[in-house]
Structures are given as C-alpha cells and as structure tokens.
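Asker: Starting from these lines, generate the structure:
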Amino acid sequence: MQLSEDTRKKVILFQQTEITEYHIYKRLAKRIKSKENAAVLDQIAEDELRHYNGWKEYTKEDVQPRWFFVWFYYLVSIVFGFTFGVKLMEQGEEAAQENYAAVAKEIPEAAKYQEEENVHEEKLIGMLDEERLQYAGSVVLGLNDALVELTGALAGLTLALQNVELIALSGLITGIAASLSMAASEYLSTRSEKTSKNPVRAAVYTGIAYITTVTLLILPYLLFDNFYLDLAIALTTAVVIIAVFNYYISVAKGESFRERFIEMAGLSLSVAAFSFVIGYFIRQWLGIEI
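Answerer: Next comes the predicted model:
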C-alpha cells in the first residue's frame, strides 16, 4: 500500500515509539527480581515489538529507537520504582496515540493497535506489584505527620525564640522523638491490622519518611542566621516535598495530583500560620526575651 507522505511520517514515528518502549520494557524485565512482574513487562515488550513489525509492513523501513529515552526511563524506573517509570512513560505517549485515529483510514490496523495500547497495556501495568507502593500509606503517614507537626512547631518556635540555634535544637529534638514515636505507632497499627504488610518494614518506611522530612526542614536553621528567612525556606521546602511526593503517587497509583497536593499543602501551611500566631501570643504573655 502506498502511503501519503504525512501518514508515512506519522507511522515512522509510531515505529520509533514502539521500538523504544520495547527496549525499555525488556531492560526492566531483566532487572526485576519478581518473576511475576518480569513476566508482565516481558509481555508488554513483546506487544510493542509486534506493533513495531506491524507498522514496518507499511513503511518497509527499519527505525532506530530513541536511545536517550530508553536510558532515561530505565534510570527513572531504577531510582523511583518500575511502576512509576512505566506509568510515567505511558503518560508521555498518550498524546502520540491520539494520532492513531488520523491514519486509521489508510491503515485499518491502527484502530486495533490503539485499542491494545489503551486497554491491554493498561491492564497489564495494573498487575504490577511493587513493595514501595504497598507501603505508600506508611510513607504518607510519616511525611504528612512530619510536615504538619514540624512546620507548625518551627513556625511557633521561630517567633517565640527568635534564635536559630535554639530553634534548630528544639526542632531536632522534637523531630527525632516524633519520628521514633510514629515508627512505633505504625508498627503496632500494622501488626494489629493483620494485613500482608510487614510491621517492621511499615515502621521503617514511616520512620525514614519522617526523619528525612525533619532533616530537610531543619537544615535552613543550620545554614543561615536570619530566622525569618529560615522559616520561609522551611515552608517552601515543605511545599516542594508535598508536590514531589504527590506527583509520584499520582503517577504511580493513578490518583489526582491537584486534590492531594492542595489538601496536604493547605493543611501544613494552615497549621504553620496558626502556630506562628500562637508563638507570638505566648511570647508576649510570658514576656520572654532571648
């Protein structure tokens, strides 16, 4: 079949996308320890290769993969988890799949390929099972509690003490004690729920999330002498942490980024503002000058 020049260009782009994803999935399948997950990704890879060869029947041309994206998504998957990497890649290809309908008149298989891309792969991706997502709730608990408690505590301490060394000392003591408390609470909670989650791992995820957040929020007070600047940096850091984590969850678990971000950011900043005011009144009421 003789394709129009415009259709041919689109089909070659489809070929390149398919062969690029084939190499990504194949590399991930070899990297993953779980045989079930490896089988899922291997199946997706074979589907991509089949689509590539289907398009090749029309173009009669071999197309090289985009190696930059092969290694980019591979590295993202290794660092942030293969479920996140795979779903991020699929999101990036959604716009390209819309062009399938544009060539369906000349290539009948285009509609079939599009349906497989939208349904079959999504179904397979939904079968992926990854530990870090199983314990996402524990991470949320540690992050959310640390952000709400510590942003509030730092805001109150900043106005009450107005001394960076004392604020950092108080914040670290509060944060470390709270992280151990939260980890212990998550251990007991997970154990009592009798779920498939390991209580010790749940506690570790919660504790690590909490202490990491504490470290990032306290850091400005250890670097700069202006406590108002330190508070501003800490609050900005809190918003960035919320944004990054919620973006990760929204991609990996297919949840709304906007709703989760607004809820967590609004809660943390509201508590910080309230604590800032409370710190001022307590300072005035006790007449403390440091």
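
Asker: quick one: contacts for I211?
Answerer: Neighbour list for I211: 146, 175-176, 179 [criterion: Cβ atoms under 8 Å, 6 or more residues apart in numbering]. For the C-beta atoms, the positions are set from N, CA and C on the backbone; glycine is no exception.

Asker: Phi first, then psi, for it.
Answerer: As for I211, its main-chain torsions (degrees, to the nearest 10) stand at phi -70, psi -30.

Asker: Outline the domain layout of this structure.
Answerer: The record's domain parsing of the chain by automatic domain parsing lists 5-129, 132-286.

Asker: Make a markdown table out of these and add mean pLDDT.
Answerer: Putting the domains of the chain into a markdown table (pLDDT from 0 to 100) gives the following:
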| stretch | mean pLDDT |
| --- | --- |
| domain 5-129 | 79 |
| domain 132-286 | 80 |
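
Asker: So which of the contacts of I211 is the closest to V244?
Answerer: Using Cβ to Cβ, A146 comes nearest to V244 of those, at 14.2 Å.

Asker: Can you tell me the closest non-neighbouring residue to the closest one?
Answerer: In space, and not counting its chain neighbours, A146 is closest to T213: 3.8 Å by Cβ to Cβ, 6 or more residues apart in numbering.

Asker: helix or strand right after the helix or strand where the one you found lies?
Answerer: Under the criterion of DSSP states H and E, T213 resides in helix 199-223. Proceeding N to C from helix 199-223, the next assigned helix or strand is helix 227-253, under DSSP H and E.

Asker: That following helix to helix 199-223, inter-axis angle?
Answerer: Using axes from the mean of the first three to the mean of the last three Cα atoms, to 10 degrees, the inter-axis angle of helix 227-253 relative to helix 199-223 is 150 degrees.

Asker: which residues in the stretch 1-150 of the chain form helices?
Answerer: Assigned helices in the stretch 1-150 of the chain, in chain order: 5-31, 35-59, 67-80, 82-97, 100-103, 109-115, 121-126, 131-134, 136-161 (criterion: DSSP state H, counting those that start in this stretch).

Asker: Noted, bye for now.
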